[in-house]
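Novice: Take this sequence and fold it.
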Amino acid sequence: MKTVLITGANKSIGFEAARQMLQHGYHVYLGSRDLQKGQQAADQLKAEGFSEVEPIQIDVTDSASIAAARQALGQKNTALDVLINNAGILGEPSQPALTSRIGMIKEVFETNLFGVIEVTQAFIDLLQQAPEPRIVNVTSGLGSLTLHNDPSWKYYPVKGAAYQPSKAALNAYTIMLAYELRDTAFKVNVVDPGYTATDFNHHSGPGSVSDAAARLVKAATLGPDGPTSRFFSDDNAPETGISPW
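Specialist: Have a look, this model is predicted:
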């Protein structure tokens, strides 16, 4: 049975992605910073009839927590088929470039960029043991530098000094990672789940959690002929599904 680790999976899009990966026949390691919340989420899925799910404590901003999660998962499996780096934070509501707190910007980058890098590096050896490994980094349509410089873009005024740059940096890291793994069976992509109604944005988004999670799952289950080093975004590019970087 194929396996997947999803960070930040105890609620919202991550939780729904866990449900949909279970529906695809995967054994799901439901990553949660708070193990009790992770257990509650896993119990809910089990109550729905899914047995192949178990919580795993992982705080992507804590090196010791990441190392412990890697050790725990490695004791259960010799390979990991899919890593979905879903955990992320928004930061303060207002993020002007000239006055945002440096500490707040660092906090956002710690989760949205450095956490992804450290988790990926920690689990890469298990991923390399899988026949067709997949890495999905959850980005945002707001991470497109090309579109942020286009006054005609619908989200052009939505600027911020922390969240948007953190996702742009995540996109850049993903390109570098995909390049390093280009001659392997890996597929490494970023996915914009779309402007979705979640706790993340006080349920202000028009999109559904189900649709958002389906976008992650689609990239997580790409076949051998699927693309790598792509920025998937139905919101930014409804015709092609591929956003400009």
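Novice: got the buried residues for stretch 84-95?
Specialist: Neighbour counts using 16 or more other Cβ atoms under 10 Å place Ile84, Asn85, Asn86, Ala87, Gly88, Ile89, Leu90, Gly91, Glu92, Gln95 of stretch 84-95 among the buried residues. No exception for glycine: its C-beta is placed from N, CA and C like everyone else's.
Novice: Just name the closest of these to Ser140, please.
Specialist: Relative to Ser140, the closest of those is Gly88; by Cβ to Cβ it sits at 8.3 Å.
Novice: Leaving aside the residues adjacent along the chain, what's closest to the closest one?
Specialist: With Cβ to Cβ, 6 or more residues apart in numbering as the criterion, Gly88 has its nearest non-adjacent residue at 5.0 Å, and that residue is Asn112.
Novice: just checking, the one you found is part of a helix?
Specialist: Yes - going by DSSP: H, G, I helix; E, B strand; the rest coil, the assignment for Asn112 places it inside a helix.
Novice: any low-confidence regions in the protein?
Specialist: Scanning the chain with the threshold set as pLDDT under 70 gives 197-206.
Novice: mind running it again at 90?
Specialist: Counting by pLDDT under 90, the low-confidence segments of the chain come to 195-207.
Novice: Which parts of it are helices?
Specialist: With DSSP state H as the definition, the chain shows helices at residue ranges 12-23, 35-47, 63-76, 102-109, 115-127, 145-148, 163-180, 209-220.
Novice: Go through the shortest one and flag the buried ones.
Specialist: Along helix 145-148, the positions that meet the burial threshold by neighbour count (16+ other Cβ under 10 Å) are Leu147, His148.
Novice: Report how many residues lie close to Lys11.
Specialist: The tally of other residues near Lys11 (other Cβ atoms under 10 Å) stands at 17.
Novice: do the one 4 residues further on as well
Specialist: Close neighbours of Phe15, defined as other Cβ under 10 Å, add up to 23.
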